[in-house]
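Asker: Curious how this folds, go ahead:
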Amino acid sequence: MARLRSVIAVAAGFGAGAIPFSNIVARRRAGVDLRTVGNGTVSGSGLYAVAGTGPLIAVGLLELAKGAIGPLLAGRHHPGAAALAGGAAVIGHNWSPVLGGAGGRGISPAIGALLVTAPVGSGVLVAGLALGKMAGETAIGSFVADVILVPVVARVHGRAGRIAASAVLAPIVAKRLMGNAPPRRPGASVYLNRLLLDRDTRDKPSGDRPREATN
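Answerer: All right, here's what the predicted structure looks like:
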């Protein structure tokens, strides 16, 4: 029975994560497929650009909720399954089958999952976003949060927290490196820029620049 519950939790986590709320709302409110505008990332920032603040807030809450569903189904007495369910939500979000494998960067569902499994981890990710936004480089703030996430969570929540944080962090880092498409000019510098800045070059993308793998 416990094994079945774990399987259901992981499957539910992936299924919930795969629902592209940002893209659904962007299409309904503005007739826009977020995969075809800006940097091609299906994200809250893309939604805000085409639909404004109200839809962004509503979708933000849904994105948090979809990360929490799987871990909640797994329950506190099954931390390993809860961690896997949280990671599955991020994977579903980042590579949604509904979008043909496209998606976002997984931070919102990761925050939602960690609210259930390791709340301090949610604080770390939110702080990284906030500090990065204040500094004018959200990607670097997120990267710093990624670096300290597992050690901080492990110190506060122990082994179970470390596993939960690692489960959501792995697909976040993988998506940053993979981007929205293969790099035009593969090389170590491109992947370093993707890891640190979440884009292929050090220059910030402009509105008229061809799409790159960013945010």
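
Asker: Residue 96 is in contact with residue 90, isn't it?
Answerer: No - with contact defined as Cβ atoms under 8 Å, residue 96 does not count as touching residue 90 (11.1 Å). C-beta here means a position set from N, CA and C on the backbone, and glycine is covered the same way.

Asker: Which of those two has more residues huddled nearby?
Answerer: residue 90 (31 against 20; other Cβ atoms under 10 Å).

Asker: which non-adjacent residue is nearest that one?
Answerer: residue 106 (4.0 Å; Cβ to Cβ, 6 or more residues apart in numbering).

Asker: returning to what we had before: check the contact lists of residue 96 and residue 90 and give me the overlap.
Answerer: residue 17 (Cβ atoms under 8 Å, 6 or more residues apart in numbering).

Asker: Quick one: distance of stretch 73-86 to the chain centre.
Answerer: Remark: stretch 73-86 is offset 19 Å from the chain centroid, using Cα atoms, centre = their mean, to the nearest Å.

Asker: same check, this time on stretch 79-97
Answerer: How far stretch 79-97 lies from its chain's middle: 10 Å, per Cα atoms, centre = their mean.

Asker: could I get it in CSV with only the CA atoms?
Answerer: Output of stretch 79-97 as CSV, limited to C-alpha atoms (Å, rounded to 0.1, in the frame of the first residue of the first chain):
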residue,chain,number,x,y,z
PRO,A,79,10.1,11.6,2.9
GLY,A,80,11.9,9.7,0.1
ALA,A,81,8.7,9.5,-2.0
ALA,A,82,7.9,13.1,-1.2
ALA,A,83,11.3,14.2,-2.4
LEU,A,84,10.9,12.2,-5.6
ALA,A,85,7.4,13.6,-6.2
GLY,A,86,8.8,17.2,-5.8
GLY,A,87,11.5,16.4,-8.3
ALA,A,88,9.0,14.9,-10.7
ALA,A,89,7.0,18.1,-10.6
VAL,A,90,10.0,20.2,-11.6
ILE,A,91,10.8,17.7,-14.4
GLY,A,92,7.2,17.9,-15.7
HIS,A,93,7.4,21.7,-15.6
ASN,A,94,10.7,21.9,-17.3
TRP,A,95,10.0,19.4,-20.0
SER,A,96,6.2,19.3,-20.3
PRO,A,97,4.8,16.7,-22.7
